[in-house]
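after the sequence you'll find the predicted model.
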Amino acid sequence: MRKIMVIGLGLTASVPLWSGGSAVAQVIDTYFPPAGSAAGDLAQEPAQIRAMGEYAPLGKRFGPFQINADGGEAIGYDTNVDKILGGKSSAVINTQANLSAVARWGKRDVLHGNIGVDDVRYPSRSIQNRTNWTANIGGVHDFGHDTVGASYTHLSLVQMPTDMGALVLSRPVPYQVDDIRLSYTATTHGRISFIPQGGIQRYHFSFFPPSEFQPTQSYRDRVIITQGVTTQYELRQDSHALLVVQGMQIRYQNQLENAPSRDSNGFSVMAGYDFGLHGPIRFRGVVGYQTRRYRATAFGVINSPIAEAELKWLPTRLTTVTASVRHGIDDGAFENIVGYTFTGARVGITHNYRRNIVFSAYGQMQRANYPATPAFVENTVLYQGRNRQSFYGGGVGAEWLINRHLRLSANYDFSSQSTIGSGRFPVHRFLIKVQFTL
């Protein structure tokens, strides 16, 4: 890993399964590079190197530009496409495509961009058809000792009832996110780097007009402003410690009539550690404390520990095990709940049965704890007692890398969700996919 690091160069191109519908990348992916991304992982494993060399797509290079593209078509069956109690079943047709480009000039300047689309169609339940797409552009300039980075990301997504903190509606809730981030890395002559960074996110739910099937969501339009400073200390070449101090301001654009303001100010302090860029074990983690104070005293203050960790273990040359956990504060979609605490965990394993045949499996759980609504709504339709939403799931998959440009995969996923006072409902999903890469 380079001694200097740029923070917040873009959002993930898709929403993780356990993110609660939020478009924000996980904390550890913001302050550490993703596990397994560092050059040198498995550098001493000839079997892995041969597999990557023979089956990894090469893309196309035009001068300083490296172009990569892929597209895939999947068909299958989903037993509950509505993702609610008593939901309908349907066949599934899923089309995906991605295009990315990276340009490098010397060792100091990098410009990158990507665009991706994910379209899902249900022939027997067209009301659930949806299309997500994302686009990102960013750049890095290295002054030799300091580095500046900037990015802009646009996401057009949908929120499902199975997302933590989501509304239980009969159809997906579309929304858009615009994200701008800027960071500056100042490296001292020693092992310490100081990284001030800031960002603005705009969530836009009112872009889509209300209908008889979906009420207005304009009260969820908001702008999130973040600013902070990260201090990073290089313990050795493959391990780093950091301290993050961050502030956050959330401002809603359309306040609910006759309801107190949902605006809030937040503050968090986190310490983190990253080690194992080489070898069979890698660990990344941050832990700290965060607080969120609402402008309206009726909503009070939410205080919670914040923690994220990810462990990657390579027990053999062909097997990888990953485990991750997350806990913190997230935003609710309900009129009467402005924030809640979220906990999630996930374990996954992949095994190269042969150089070009990969098996995988995972299991995950999520839990959201919602506080009771304020006293002023106790005798209204907005009243809700303290509640808890739980979700668990898992799946298995197999992938056949036919050559550099073609691969075939099959996946089965299972999930189940419930809240206090409601029964669980299972969801089974089967997909077979063919993917083409440049």
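Done, it's in. Residues are numbered from 1 along each chain as shown.

give me the sheet partners of the host helix or strand of residue 182 and which way each runs.
Assigned by DSSP states H and E, residue 182 belongs to strand 173-187. Sheet pairing of strand 173-187 (DSSP bridges) gives strand 146-159 (antiparallel), strand 192-204 (antiparallel).

and the spatially closest residue to residue 58 that is not a sequence neighbour, what pLDDT?
Nearest residue to residue 58 in three dimensions, chain neighbours excluded: residue 404, at 6.3 Å (C-beta to C-beta, 6 or more residues apart in numbering). In this view, the C-beta of every residue, glycine as well, is placed from N, C-alpha and C. Model confidence at residue 404, given as pLDDT, is 89.

need phi/psi at residue 404.
Residue 404 adopts backbone torsions of phi -60, psi -30, taken as degrees, to the nearest 10.

next SSE after the helix-or-strand element of the chain with minimal mean pLDDT?
Using mean pLDDT, DSSP states H and E, the weakest-scoring helix or strand in the chain turns out to be helix 46-55, at a mean of 59. Using DSSP H and E, the next helix or strand after helix 46-55 towards the C-terminus is strand 60-62.

need the next SSE after that following strand, C-terminal direction.
In N-to-C order, the element after strand 60-62 by DSSP H and E is strand 65-78.

surely the residue nearest to residue 58 and residue 70 touch.
No: if you go by C-beta atoms under 8 Å, residue 404 and residue 70 don't touch, sitting 11.3 Å apart.

what sits in contact with each of those two?
57, 437 (C-beta atoms under 8 Å, 6 or more residues apart in numbering).

quick one: the strands in the stretch 251-400 of the chain?
Listed in chain order, the strands found in the stretch 251-400 of the chain under DSSP state E, counting those that start in this stretch are 264-275, 281-294, 301-316, 319-331, 339-354, 357-370, 387-401.

export those strands to TSV and tack on mean pLDDT?
Putting the strands of the stretch 251-400 of the chain into TSV (pLDDT from 0 to 100) gives the following:
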stretch	mean pLDDT
strand 264-275	90
strand 281-294	89
strand 301-316	88
strand 319-331	88
strand 339-354	88
strand 357-370	91
strand 387-401	90
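
of those, which is nearest residue 157?
Of all these, it is strand 319-331 that lies closest to residue 157, at 14.6 Å by C-beta to C-beta.

packing partners of the closest one?
Counting contacts by 3 or more C-beta pairs under 8 Å, 6 or more residues apart in numbering; DSSP states H and E, strand 319-331 is packed against strand 281-294, strand 301-316, strand 339-354.

ok, back up a step: which of residue 404 and residue 70 has more neighbours?
More crowded of residue 404 and residue 70, by other C-beta atoms under 10 Å: residue 70, with 18 against 15.

contacting residues for the more buried one?
Applying C-beta under 8 Å, 6+ apart, we find residue 70 in contact with 57, 96, 97, 98, 435, 436, 437, 438.

weed out the non-buried ones from those.
57, 96, 97, 98, 435, 437 (16 or more other C-beta atoms under 10 Å).

so who does the fourth one touch?
If you count contacts by C-beta under 8 Å, 6+ apart, residue 98 has them with 13, 68, 69, 70, 71, 114, 115, 116, 117.

helix or strand for it, which one?
Using DSSP H and E, the element containing residue 98 is strand 90-105.

the inter-axis angle of that strand versus strand 65-78?
Here the directions of strand 90-105 and strand 65-78 differ by 170 degrees (axes from the mean of the first three to the mean of the last three C-alpha atoms, to 10 degrees).
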